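Q: sequence and predicted structure are below.
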Amino acid sequence: MTNTTLDRLELLRTFVRIVEAGSLSAAAEQLKTTQPTISRRLQALERSLGLQLLQRSTHSMQLTGDGERCYGYGKALLENWQEMEAELLGARDEPRGTLRVQVPHAFGQDQLIAPLSEYLTRHAKVSVEWLLHDRRPDFVAEAVDCAIQIGVVNDPAVVAIPLGEVPRIVVASPTLLGDRPLPASSEELARLPWLALRTYYQDEVALTCLADGRSHRFTIQPRLSTDSLYALRNSALAGLGACICSAWVVAQDLAEGRLVQLMPQWQAAPLPVYLIYPYARRYPAKLLVFAELIRQRMPQITGMQPPRAPESAGS
């Protein structure tokens, strides 16, 4: 293959990344280069083809008709090229390259570092971009290979591998309770000041009795609402209110008496944890090996419990 052909392949790869990232600057960040370089590559591709692929203004970017066709053909060509490389270079047998993984903020800073370290130690030819976000991933625009998601997966376009569940309990600081006895009923629990983790509950608390499966709901007016698990924990430690919290993040606080568990026989529903990635004809070894390692290690992580078996059709 000539250098000219290789150059055009690189230009095409840049163009596809511009389209999927949504802007030249975002493409430059993902390809670890500068925006002027991305702009020059785009212009070179347009000159090579004798076509205008993008209509650009100060504030917007839009594909031309030729650009739409070029993107479709180009993406298919690059996918086939990557598949050929994987076959010829044995990439499925030996993980290599950069794996982009999106993980939840709290889990990604704490519980997931051990399996990440094991993955990198085992596979010297792989590097990882570890992206901390609690939102749903945009696999195309952000070039994410896979994500660990806490909560139900509703996207039919992704593979969702169950990894485990996060138990959730009700906790509060002893300073919040003062001289009052621990709540003995859900009614007493409802009268406490409350904090909310708005990702999973905002104005209503739903608890289930572990002994007999009874459920109870009550409304709350949170003194503080946050989307950060660590902010929720710290607010509870400060005595601002009771909250539903992931058991793992408060385990040490409970052991050392900084927090107390309220009505241990009643708990919120555990949150399912999944590894998700887009459907594709083939997957690189770096992703398959990471998926298998995470699937094996997650149920063993402190504060996790194994995923529940799916119900049978007749149950």
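A: All right, it came through fine.
Q: and the longest strand anywhere in the chain, what does it pack against?
A: When the chain is parsed with DSSP state E, its longest strand is strand 158-172. Helices and strands touching strand 158-172, by 3 or more CB pairs under 8 Å, 6 or more residues apart in numbering; DSSP states H and E, are strand 146-150, strand 243-246, helix 247-255, strand 260-261, strand 266-278, helix 285-297. Where C-beta positions appear, they are placed from N, C-alpha and C, glycine not excepted.
Q: next, format these as JSON lines and append distance to residue 66 and mean neighbour count.
A: Formatted as JSON lines, the helices and strands packed on strand 158-172 follow (distance: least, CB to CB, whole Å; neighbours: other CB atoms under 10 Å):
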{"stretch": "strand 146-150", "distance to residue 66": "33", "mean neighbour count": "23"}
{"stretch": "strand 243-246", "distance to residue 66": "51", "mean neighbour count": "25"}
{"stretch": "helix 247-255", "distance to residue 66": "52", "mean neighbour count": "16"}
{"stretch": "strand 260-261", "distance to residue 66": "63", "mean neighbour count": "16"}
{"stretch": "strand 266-278", "distance to residue 66": "27", "mean neighbour count": "19"}
{"stretch": "helix 285-297", "distance to residue 66": "33", "mean neighbour count": "18"}
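Q: take the ones you listed and lay them out in a markdown table including distance to residue 18 and mean pLDDT.
A: Converted to a markdown table, the helices and strands packed on strand 158-172 look like this (distance: least, CB to CB, whole Å; pLDDT from 0 to 100):
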| stretch | distance to residue 18 | mean pLDDT |
| --- | --- | --- |
| strand 146-150 | 23 | 95 |
| strand 243-246 | 39 | 96 |
| helix 247-255 | 40 | 93 |
| strand 260-261 | 52 | 96 |
| strand 266-278 | 20 | 94 |
| helix 285-297 | 24 | 93 |
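Q: just to revisit the earlier point, and the angle from the longest strand of the chain to helix 247-255?
A: Angle of strand 158-172 versus helix 247-255, following axes from the mean of the first three to the mean of the last three CA atoms, to 10 degrees, is 20 degrees.
Q: next, the buried residues of strand 158-172.
A: Residues of strand 158-172 classed as buried: 158-172 (neighbour count, 16 or more other CB atoms under 10 Å).
Q: and those residues, which two are furthest apart?
A: 159 and 172 (39.3 Å; CB to CB).
Q: quick one, helices of this protein?
A: Using DSSP state H, the helices of the chain run over residues 3-21, 24-30, 35-49, 65-89, 105-109, 113-122, 174-177, 186-190, 229-237, 247-255, 285-297.
Q: and residue 265, which of those helices is closest to it?
A: helix 186-190 (10.7 Å).
Q: what residues of the closest one count as buried?
A: So helix 186-190, judged by 16+ other CB under 10 Å, has buried residues 186, 189, 190.
Q: for these, which one is nearest residue 125?
A: residue 189 (52.9 Å).
Q: tell me how far the residue nearest to the closest one when sequence neighbours are not counted lies from residue 223.
A: Nearest residue to residue 189 in three dimensions, chain neighbours excluded: residue 183, at 4.4 Å (CB to CB, 6 or more residues apart in numbering). Between residue 183 and residue 223 the distance is 17 Å, computed by CB to CB, to the nearest Å.
Q: look at these two and report which has more neighbours.
A: Set residue 183 next to residue 223 and count neighbours by other CB atoms under 10 Å: residue 183 wins out with 19 against 12.
Q: residue 262 is in contact with the more buried one, correct?
A: Yes - counting by CB atoms under 8 Å, residue 183 touches residue 262, with 5.6 Å between them.
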